[in-house]
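Q: Predicted coordinates and the sequence they were generated for:
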Amino acid sequence: MTYRNPPTTPRKSATFDDYTLSEIRRAAATGIYDIRGAGAKRKLPHFDDLLFLGASISRYPLEGYRERCDTSVVLGSRHAKKPIELKIPITIAGMSFGSLSGPAKEALGRGATLSGTSTTTGDGGMTEEERGHSKTLVYQYLPSRYGMNPRDLRRADAIEVVVGQGAKPGGGGMLLGQKISDRVAEMRTLPKGIDQRSASRHPDWTGPDDLEIKILELREITDWEKPIYVKVGGARPYYDTALAVKAGADVVVVDGMQGGTAATQEVFIENVGQPTLACIRPAVQALQDLGMHRKVQLIVSGGIRNGADVAKALALGVDAVSIGTAALVALGDNDPRWEAEYNALGTTAGAYDDWHEGRDPAGITTQDPELMKRVDPIAAGRRLANYLKVMTLEAQTIARACGKNSLHNLEPEDLVALSIEAAAMAGVPLAGTNWIPGKNGF
Amino acid sequence: MPATPMSKAEREQGHAHSQASRVFDLSEHSLRELNQALHKLTPGSNETAWEVLNPKGSHSVAVGVDQPITIDVRGSVGYYCAGMNDGAAITVHGSAGPGVGENMMSGSIVIKGDASQYAGATGRGGLLVIEGNASSRCGISMKGIDIVVHGNIGHMSAFMAQSGNLVVLGDAGDALGDSIYEARLFVRGKVESLGADCIAKEMRPEHIELLQGLLDKAGVTGVKASEFKRYGSARKLYNFNIDNADAY
């Protein structure tokens, strides 16, 4: 019997992993970058890296179910004659009619209204479905200005000037031809079936000084009634927040890189912008430095999934959070009940992100009349309301445990971090230490 | 605020502006008072002729007006004058800053002087006439508006223009009509360069007729539609093709 040297186990490269290899092969075969929806999928420091301390001898808790824990929030009290009052500090983020079906938009409006919160239009104008079913509707003012008109501006409850979004700070929208139906084409004043690339910059202003004048115009047109939000992608949160405040914003919205998009390049989503966790403290710091914390409200979005995420964001100084991807999942996005159809598209439930192709088995990110019938706006709206209710109860549970009679009384001192990275980003001590990386010269 | 604000100069001049049923002096009253008074107008109002004095470069003069009234602005204005106009006939007896008539829905705007950047940006309807020159990005992202410029226009004009007509009696700067969709561009003078996917097109009889109508509406005389060249989309970039990537 001959002796054979023991073989080594086949070893795949950490650098050239299976996904990377598949992407190289795909690029080589097609000659075009990969386009997809959703936000960053890579592992990032996130709210999971933070823990609440809870009550102890020095902090006493509130009685669960018995003692009140306020969840309401007022947005836009700085300049607007009619600020928005929400029952919960969780809003629905802007998602366009065009990227989403009409029934899906209606469901978002229904769910938000049942929950006492707001929903938001998107890069496609305001539809009757969502205006009709949304008690509080935020109207996005985007570079493309698709569907933009003064009548809708005046029947909105707030106006959100969109400078950027977390999935693609510096990128414009994208809606490929297969989703440009007759109705979408008409709302966007474009020929049917073309690949539509929204502008990345506003057509009639550039820079913070122009923005101040643009906000003045919007206020003049709406007689200073509506709160004006400014939404930025998580690029330079300290300076973007400070400049938005200087330009006159009532509310600043900061969207981290886990925030979703209907469609853009994979390379953009995964490599441009900062994680949500890294954006919060700089934005809060900017407001504090200007003496505007709690006077100009801060909304943060990108990867908010449950009540713990809500509570952690609020503890770091945020006034409200916004959800997009999670809201779609509550409506039925990526539901395993459609697994066979996801498989037919070469994917699996939970991984489906080709929202731009318009073939969504769940009927949400499509303009296909048959597929969109799969969304029952009433039932889906109820699911969203249920989910928002659970998130709120979860956040209240944590707040009471920390002895807070309002979600907005949560504070950074209630938190510790599980990793050095999260400790540095959130500005809270590493668990078991009093070390906040970057503070006091260490 | 008096029901009919009159400036000191106005009172001294007596009936110098007698055609205007309402005179608003921005040196005596705030911009907010002006715009709110304009927004309070309802269909059938007798206050159909307005005159705005002393704009002195103010931003957002007469924005969001939605009644078929006339407004004469005596002097030059800053940003976004007549923004989102929906039905009014607004004349600026001076020059206009950036974004004049942005997102106009209907009605008309006449600028007696020059206009700065982004004139008529994203406009959806109505007629914008600039009797002087317009700066860069004139008609950017236009969505149905008609724009007639007596003089020249600057670079990147009609960028991503979706619909409507841009008429230029003088010259156009660099990159005219870059990434244009279905808007029509008519230029009488020289075009410095055309942007991506914008090409010269044949002037067919229907275009001559359309252009002559626009010239008439804009009060242009002594100029023939046949003197213009037409530019529009080659429609090669409407659906993404990797072999066209070098065009951007």
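A: Okay, I see it.

Q: Ramachandran angles for the residue of chain B found nearest chain A?
A: Residue of chain B nearest chain A, by Cβ to the nearest Cβ: B:G64 (3.4 Å). From N, CA and C alone the C-beta is placed, and that goes for glycine too. In terms of degrees, to the nearest 10, the main-chain angles of B:G64 are phi 70, psi 30.

Q: Grab the nearest non-local neighbour of it.
A: Distances taken as Cβ to Cβ, 6 or more residues apart in numbering or on different chains put A:I221 closest to B:G64, at 3.4 Å, once the chain neighbours are dropped.

Q: before we move on, back to that, pretty sure the residue of chain B closest to chain A contacts A:P150?
A: Yes. Using Cβ atoms under 8 Å, B:G64 makes contact with A:P150 at a distance of 5.2 Å.

Q: any residues in contact with both of these two?
A: Taking Cβ atoms under 8 Å, 6 or more residues apart in numbering or on different chains as the contact rule, B:G64 and A:P150 both touch A:I221, B:M84, B:D86.

Q: from what I can see B:A89 touches B:G107, true?
A: Yes. B:A89 is in contact with B:G107 according to Cβ under 8 Å; the separation is 6.0 Å.

Q: Compare those two (neighbour count), which wins?
A: B:G107 (24 against 20; other Cβ atoms under 10 Å in any protein chain shown).

Q: circling back: can you list residues touching both of B:A89 and B:G107?
A: Residues touching both B:A89 and B:G107 (Cβ under 8 Å, 6+ apart): B:P68.

Q: thought A:S181 was touching A:M372?
A: No. Between A:S181 and A:M372 there is no contact, the gap being 10.2 Å when judged by Cβ under 8 Å.

Q: what's the burial count for the residue of chain B closest to chain A?
A: 24.

Q: Please go through the chain and pick out the longest helix.
A: Chain wasn't specified; assuming chain A. Counting by DSSP state H, the longest helix found in chain A is helix A:377-401.

Q: Sorry, I should have been clearer: chain B.
A: Chain B, longest helix under DSSP H: helix B:205-217.

Q: Work out the gap between it and the centre of the chain.
A: Centre-to-centre, helix B:205-217 and its host chain are 18 Å apart (Cα atoms, centre = their mean, to the nearest Å).

Q: What residues sit buried inside it?
A: B:H207, B:I208, B:L210, B:L211, B:Q212, B:L214, B:L215 (16 or more other Cβ atoms under 10 Å in any protein chain shown).

Q: Could you count how many residues lie near A:G346?
A: 9.

Q: quick one: which helix or strand includes it?
A: For A:G346, there is no helix or strand it lies in under DSSP states H and E.

Q: how close does it get to chain B?
A: Per Cβ to the nearest Cβ, to the nearest Å, A:G346 is found 20 Å from chain B.

Q: quick one: that residue from A:D360, how far?
A: 14 Å (Cβ to Cβ, to the nearest Å).

Q: now do A:K41
A: Counting by Cβ to Cβ, the gap from A:K41 to A:D360 is 18 Å.

Q: same check, this time on B:D66
A: 39 Å.

Q: of the two, who's got more company?
A: More neighbours surround A:D360 than the other of B:D66 and A:D360, with 30 against 22 (other Cβ under 10 Å).

Q: so what's the more buried one up against?
A: So A:D360 contacts A:D333, A:Y352, A:T366, A:L371 (Cβ under 8 Å, 6+ apart).

Q: now swap in B:L26 and tell me
A: B:L34, B:V52, B:L53, B:N54, B:P55, B:K56, B:S58, B:V61.

Q: where does the first one fall, phi/psi-wise?
A: For B:L34, the backbone dihedrals (degrees, to the nearest 10) come out as phi -60, psi -50.

Q: And for the one 5 residues further on?
A: In this entry, B:H39 is assigned phi and psi values of phi -70, psi -20 (degrees, to the nearest 10).

Q: I'd guessed it sits against B:G64; true?
A: Yes. When contacts are counted by Cβ under 8 Å, B:H39 is listed as touching B:G64 (6.3 Å).

Q: Need the residues touching each of these two.
A: By Cβ under 8 Å, 6+ apart, no residue touches both B:H39 and B:G64.

Q: Quick check: residues of the stretch 101-250 of chain A near chain B?
A: A:144-145, A:148-150, A:153-154, A:176-177, A:188-191, A:193-195, A:197, A:199, A:203-205, A:210, A:213-214, A:216-217, A:220-224 (Cβ under 8 Å from any Cβ of the partner chain).

Q: let's see 7 Å
A: A:145, A:148-150, A:177, A:189-191, A:194-195, A:199, A:203-204, A:213, A:216-217, A:220-221, A:223-224 (Cβ under 7 Å from any Cβ of the partner chain).

Q: related to what we said a few turns ago, list the buried residues of the longest helix of chain A.
A: A:377, A:380-385, A:387-388, A:391-392, A:394-401.

Q: Give me the contact list for the helix or strand that comes right after that helix.
A: Following helix A:377-401 in sequence order, the next helix or strand is strand A:415-417 (DSSP H and E). Strand A:415-417 is contacted by residues A:49-53, A:312, A:315, A:423, A:426, A:428-431 when judged by Cβ atoms under 7 Å, 6 or more residues apart in numbering or on different chains.

Q: so which of these is the most crowded?
A: If you count neighbours using other Cβ under 10 Å, the busiest of those is A:K312, which has 30 neighbours.

Q: quick one: contacts for it?
A: So A:K312 contacts A:F47, A:L50, A:L415 (Cβ under 7 Å, 6+ apart).

Q: out of those residues, who's nearest B:S193?
A: Checking the contacts of A:K312 against B:S193 with Cβ to Cβ, the nearest one is A:F47 at 50.9 Å.

Q: and the gap between that closest one and A:V428?
A: From A:F47 to A:V428 the distance is 12 Å (Cβ to Cβ).

Q: do A:D353 as well
A: The gap separating A:D353 from A:V428 is 32 Å, by Cβ to Cβ.

Q: Can you name the residue of chain A nearest chain B?
A: Using Cβ to the nearest Cβ, the single residue of chain A nearest to chain B is A:I221, 3.4 Å away.

Q: Hmm, that residue is touching B:V63, no?
A: Yes. In this structure A:I221 lies within contact range of B:V63 using Cβ atoms under 7 Å: 5.1 Å.

Q: Name the residue in the two with the higher neighbour count.
A: Under the criterion of other Cβ under 10 Å, the comparison of A:I221 against B:V63 puts B:V63 first, with 29 against 24.

Q: where does chain B dip in pLDDT?
A: Scanning chain B for pLDDT under 70 picks out B:1-20, B:242-248.

Q: same thing but 90
A: Applying pLDDT under 90 to chain B flags residues B:1-21, B:237-248.

Q: Could you tell me which residues of it lie near chain A?
A: So chain B meets chain A at B:31-32, B:35-36, B:39, B:59-60, B:63-64, B:66, B:79-80, B:83-84, B:86, B:98-99, B:102-103, B:105, B:118, B:121-122, B:140-141, B:143-144, B:160, B:162-163, B:181-182, B:238-240, B:242 (Cβ under 7 Å from any Cβ).

Q: out of those residues, which are buried?
A: B:31, B:35, B:39, B:59-60, B:63-64, B:66, B:79-80, B:83-84, B:86, B:98-99, B:102-103, B:105, B:118, B:121-122, B:140-141, B:143-144, B:160, B:162-163, B:181-182, B:238.

Q: about what we covered before: from the shared contacts of B:G64 and A:P150, which land in helices?
A: A:I221.

Q: Apart from its chain neighbours, what residue comes closest to A:S72?
A: A:K87 (5.6 Å).

Q: Contacts only, for the one you found.
A: The contact partners of A:K87, taken as Cβ under 7 Å, 6+ apart, are A:T71, A:S72, A:S115, A:G116, A:T117.

Q: Just the pLDDT for it.
A: pLDDT for A:K87: 98.

Q: likewise A:G173?
A: Looking at A:G173, the pLDDT reads 76.

Q: Could you verify my assumption that it touches A:P143?
A: No. Using Cβ under 7 Å, A:G173 makes no contact with A:P143, being 8.2 Å away.

Q: can you give me the strands for chain B?
A: Using DSSP state E, the strands of chain B run over B:22-25, B:49-53, B:70-74, B:86-92, B:106-111, B:127-130, B:143-149, B:163-168, B:184-187, B:198-201, B:229-233.
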